[in-house]
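>>> here are the coordinates; sequence isn't available:
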């Protein structure tokens, strides 16, 4: 009877060698359990090819989505800017029409102009009436700026730093002319100046313009005074400086932006004042705005547009010059 173990040993095939050529495996050689030849570099290449194809097919969809989002953002910014552009055009369009109308070669104030000429500027600058009004308005601006800046700076500093009863009431009274229509202020000044003999006089115009412009100076200087660091004044006092010297050397330079802003507002207010000036002025004290108002009623020609353009240019140049040397825009 044959041995089953021997028979099984006779029929079992010998294991292939490492190269898979049928060579018997060496006895005692360790069995290799790593990747086969077919799962080596070629398999890695295949997987990398698949990854590359998936990577190559991914970005186009993302790029298209990114472009769409960028277009949406750009459209949103454009839509948000359109109202601001419309407002600026609405504000600047009358000024542009006025400046172009002043260059009209004909004697009619029309737009668009039929021709371009500087004849109306030369007529205005050579007219004795207009020159007298220019000089009067210039003197008024200087007087009003000096008066309102001095009084307004002291009043604003006292209202901010002072601690006394009724300070809130005084602050409201100082800003009251901003709340009252100018025609009412002019009517009240007319009755008041009539008894004092100040109607149709330079002092009367000076006081009237100062009353209208003073609240602007107080308001702007109060903004600078509220931002003032009190420790700087205490440090100057600790070093031996008196109150006057501290105010002149420490406080006043720090209040300069508000003072300059108030001076600009006072000058522009005085230069463009019509309602009050028309009631307290007369034939001998006709300012430029009052003469423009009269010219528009009786003789409507491009000379009025030329004068208005000159005043506009002066105002813009003053604002640009002040803002260049101070932080005027931060106070506003």
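Perfect, thanks for sending it. Not measured: the values here are computed from a predicted model.

>>> now residue 94: how far from residue 287?
22 Å (C-beta to C-beta, to the nearest Å). All C-beta spots, glycine's among them, are computed from the backbone N, C-alpha and C.

>>> neighbour count winner among these two?
More crowded of residue 94 and residue 287, by other C-beta atoms under 10 Å: residue 287, with 25 against 9.

>>> tell me the pLDDT at that one?
Looking at residue 287, its pLDDT is 89.

>>> so it makes contact with residue 140?
Yes - at 6.7 Å, residue 287 counts as touching residue 140 under the criterion of C-beta atoms under 8 Å.

>>> hey, what's in contact with both of those two?
residue 205 (C-beta atoms under 8 Å, 6 or more residues apart in numbering).

>>> residue ranges in this protein under the pLDDT threshold?
1-65, 110, 325-332 (pLDDT under 70).

>>> let's go with 50 and repeat that
By pLDDT under 50, the weakly predicted segments of the chain are 1-60.

>>> what is the burial count for the closest residue to residue 117 other than its chain neighbours?
Once flanking residues are discounted, residue 117 sits nearest to residue 105: 3.8 Å by C-beta to C-beta, 6 or more residues apart in numbering. By other C-beta under 10 Å, the residues close to residue 105 number 13.

>>> quick one: residues contacting residue 105.
113-117, 119.

>>> give me the ChimeraX select line for those residues, limited to the buried ones.
Entered in ChimeraX, the line below selects the buried ones among these, by 16 or more other C-beta atoms under 10 Å:
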select :113
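
>>> show me which pair in the contacts of residue 105 is furthest apart.
Greatest spatial distance among those (C-beta to C-beta): 114 and 119, at 13.0 Å.

>>> picking up where we left off before, can you tell me which of the contacts of residue 105 end up in helices?
Among the contacts of residue 105, the members falling in helices (DSSP state H) are residue 119.

>>> dump the contacts of residue 105 to JSON lines, plus distance to residue 129.
Output for the contacts of residue 105, formatted as JSON lines (distance: C-beta to C-beta, whole Å):
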{"residue": "113", "distance to residue 129": "24"}
{"residue": "114", "distance to residue 129": "27"}
{"residue": "115", "distance to residue 129": "26"}
{"residue": "116", "distance to residue 129": "26"}
{"residue": "117", "distance to residue 129": "21"}
{"residue": "119", "distance to residue 129": "17"}
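
>>> tell me which of the contacts of residue 105 is nearest to residue 271?
residue 119 (24.8 Å).

>>> list the residues that contact residue 207.
Residue 207 makes contacts with 189, 193, 198, as judged by C-beta under 8 Å, 6+ apart.

>>> also residue 302?
Residue 302 makes contacts with 101-104, 106-109, 120, as judged by C-beta under 8 Å, 6+ apart.

>>> filter those to the buried ones?
101-104, 109, 120.

>>> which among those gets closest to residue 218?
Using C-beta to C-beta, residue 102 comes nearest to residue 218 of the buried ones among the contacts of residue 302, at 35.8 Å.

>>> surely that closest one and residue 308 touch.
Yes - the criterion here is C-beta under 8 Å, and residue 102 meets it with residue 308 at 7.4 Å.

>>> returning to that earlier point: which of the contacts of residue 105 sits closest to residue 295?
Ranked by distance to residue 295 (C-beta to C-beta), the contacts of residue 105 are led by residue 119 at 16.3 Å.

>>> need the contact list for that closest one.
residue 105.

>>> repeat the analysis, applying 6 Å as the threshold.
If you count contacts by C-beta atoms under 6 Å, 6 or more residues apart in numbering, residue 119 has none.

>>> how close does it get to residue 79?
On the measure of C-beta to C-beta, residue 119 and residue 79 end up 45 Å apart.

>>> ditto for residue 310
39 Å.

>>> how about residue 321?
36 Å.

>>> ok, residue 260 next?
Noted for residue 260: a distance of 38 Å to residue 79, by C-beta to C-beta.

>>> who has more neighbours out of the two?
residue 260 (21 against 9).

>>> that one contacts residue 322, doesn't it?
Yes - in terms of C-beta atoms under 6 Å, residue 260 counts as a neighbour of residue 322; the distance is 5.5 Å.

>>> which residues do these two both contact?
If you check residue 260 and residue 322 against C-beta under 6 Å, 6+ apart, no residue is contacted by both.

>>> quick check: end-to-end length of stretch 271-283?
Terminal residues of stretch 271-283 lie 18 Å apart, using C-alpha to C-alpha, to the nearest Å.

>>> number of residues surrounding residue 97?
13.

>>> so it is in which element?
helix 59-101 (DSSP states H and E).

>>> what is that helix packed up against?
helix 302-325 (3 or more C-beta pairs under 6 Å, 6 or more residues apart in numbering; DSSP states H and E).

>>> for residue 164, helix, strand, or coil?
At residue 164 the chain is in coil, as set by DSSP: H, G, I helix; E, B strand; the rest coil.
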